[in-house]
Each structure stands twice: as structure tokens, then as C-alpha cells.
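Participant: Predicted structure and sequence below. I'll ask about it afterward.
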Amino acid sequence: MSETRPRPTAGDPPPGGRRTVPRINEDWAATITGLALLVLALLGAIPAWLVP
């Protein structure tokens, strides 16, 4: 009789015991950075001429 392993779920660590860090796409990083600069410029925290 063969034993079956339980199927891994999304919360289980990958084989080897190391958890992987979620990676952010380069496009999303640029979008978030641009929005943060826009908000800072609109709030007056940084001069508007500094943001192209």
C-alpha cells in the first residue's frame, strides 16, 4: 500500500524550507514611485519643478 502526501497549500513553505519573497514587477515599481512623487508634489512636500 502506498502512502500519498497531502497536497501543498498556498500557505505552506516551498520544499527546502525557504519562504520566497513576493517580487514586484519593474512596471509596478515605476508606477508606485511616480504616484508617490505626484502626491508629494501636490502636497507641497517637494517643489513641483523637481518632478519632470
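Facilitator: Received it, and whenever you're ready, just let me know what you need. Just so we're clear, the structure is a prediction, and the values are computed from it rather than from any experiment. Numbering: from 1, shown residues only.

Participant: When you work out contacts or count neighbours from here on, use the C-alpha atoms and nothing else.
Facilitator: Noted.

Participant: Any chance you could give me stretch 38-52 in PDB, C-alpha atoms only?
Facilitator: Included here for stretch 38-52 are C-alpha records, laid out as PDB according to Å, rounded to 0.1, in the frame of the first residue of the first chain:
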ATOM      1  CA  LEU A  38       3.000  63.200  -7.700                       C
ATOM      2  CA  VAL A  39       1.300  63.200  -4.300                       C
ATOM      3  CA  LEU A  40       4.400  64.700  -2.600                       C
ATOM      4  CA  ALA A  41       4.500  67.500  -5.300                       C
ATOM      5  CA  LEU A  42       0.700  68.200  -4.900                       C
ATOM      6  CA  LEU A  43       1.100  68.400  -1.100                       C
ATOM      7  CA  GLY A  44       4.000  70.800  -1.400                       C
ATOM      8  CA  ALA A  45       6.400  68.500   0.300                       C
ATOM      9  CA  ILE A  46       8.800  68.700  -2.700                       C
ATOM     10  CA  PRO A  47       8.900  71.500  -5.300                       C
ATOM     11  CA  ALA A  48       6.900  70.800  -8.400                       C
ATOM     12  CA  TRP A  49       9.800  71.800 -10.700                       C
ATOM     13  CA  LEU A  50      11.700  68.900  -9.200                       C
ATOM     14  CA  VAL A  51       9.300  66.300 -10.700                       C
ATOM     15  CA  PRO A  52       9.600  66.100 -14.500                       C
END
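
Participant: Rounded mean pLDDT for it, please.
Facilitator: Stretch 38-52 carries an average pLDDT of 84.

Participant: And that stretch, what's buried?
Facilitator: Using 16 or more other C-alpha atoms under 10 Å as the test for burial, stretch 38-52 gives 38, 41.

Participant: what's next to that stretch, contact-wise?
Facilitator: If you take C-alpha atoms under 8 Å, 6 or more residues apart in numbering as the criterion, stretch 38-52 is touched by Leu37.
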